[in-house]
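Asker: Following is a predicted model, sequence given first.
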Amino acid sequence: MRNKTNTRLCIIRIDDVDGTNLRQIVNFFSKFKIKVCLFLVHTNSPRFWGRGDWLLLKKMILEHGWEVGGHTRLHKPLILLPEKKAREEIIGNIKDIEERLNEVGLTYKVTSFAYPCGDHNLTIKEILRKCGITFGLTYPDAPDYKSVEDLKEVNELPLLSFGVTHTGKPMNLNLWNQRFMKSNLYIFALHSDTFAALKARTLLNALKNLNMEHVIRSIKFLRILEEHLRFVFYHGAKFITFKELSKLLSNS
Ligand SMILES: [Zn+2]
């Protein structure tokens, strides 16, 4: 398969998203007019999600082409749970997302799912398959992990053990830029806690506890991320979602 446009494709995946960090993520990426894929947790808890958050997601999906996917309710390692519990964590999470979006007037089908810490096995993959999930997303160090660097490779990869090109570690702009240049399908995995550092409450708590390490590190990370995104833009990358990747694969 060939990437007909010869454009570099880029997917940004953000794990561990809930209503407490959603706004910071939306603000950060809206600045760059970049669409991202968010993987949602705690979806059954009103403590983490309010109606306003679901309305914001609806807006980002409809007006800006963002994607949302599942990441379980409680973020426990799925392979350590009894099958019944694992099923509840996956199916319940997907159902929460679809139902809450439906309540704010959006009919939406979740088609990608990020395994907590990337861990999965055949039973877990079978549950996802039965839910109609196209992409099961894994992570470095998880079983079956394989990085994605080329669109041509995608058809050879099991889509329910689908890796990433890059995780932003270690924090080094030149390294990130090099990773991007090596790939024609660049899948960059980020976590929500980095963006949560932009919240006034996080900053106040850090000041109160005299522990600024996480905040300083996150701000440094976000500065590098901004520079990196400028580099990615400069090289004409097209930002897509997993749903769009799936369409590209079925059209090829
Ligand atoms: Zn996670």
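Answerer: All right, it came through fine. Residues are numbered from 1 along each chain as shown.

Asker: where does the stretch 1-150 of the chain have low pLDDT?
Answerer: 1-5 (pLDDT under 70).

Asker: who in it is up against the ion?
Answerer: Taking C-beta under 5 Å from the ion as the criterion, the stretch 1-150 of the chain approaches the ion at residues 15, 16, 116. In this view, the C-beta of every residue, glycine as well, is placed from N, C-alpha and C.

Asker: Among those, which one has the most neighbours?
Answerer: residue 15 (24 neighbours; other C-beta atoms under 10 Å).

Asker: Skipping adjacent residues, who's closest to that residue in space?
Answerer: For residue 15, ignoring the flanking residues on the chain, the nearest one in space by C-beta to C-beta, 6 or more residues apart in numbering is residue 39 at 4.7 Å.

Asker: how about the CA coordinates for the one helix or strand residue 127 maps to, as CSV?
Answerer: In the assignment (DSSP states H and E), residue 127 maps to helix 122-130. Extracted C-alpha coordinates of helix 122-130, given in CSV (Å, rounded to 0.1, in the frame of the first residue of the first chain):
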residue,chain,number,x,y,z
LEU,A,122,-6.2,-12.9,23.3
THR,A,123,-9.2,-12.8,25.6
ILE,A,124,-9.1,-9.0,25.8
LYS,A,125,-8.6,-8.7,22.0
GLU,A,126,-11.7,-10.9,21.5
ILE,A,127,-13.8,-8.7,23.7
LEU,A,128,-12.7,-5.7,21.6
ARG,A,129,-13.4,-7.5,18.4
LYS,A,130,-17.0,-8.3,19.6
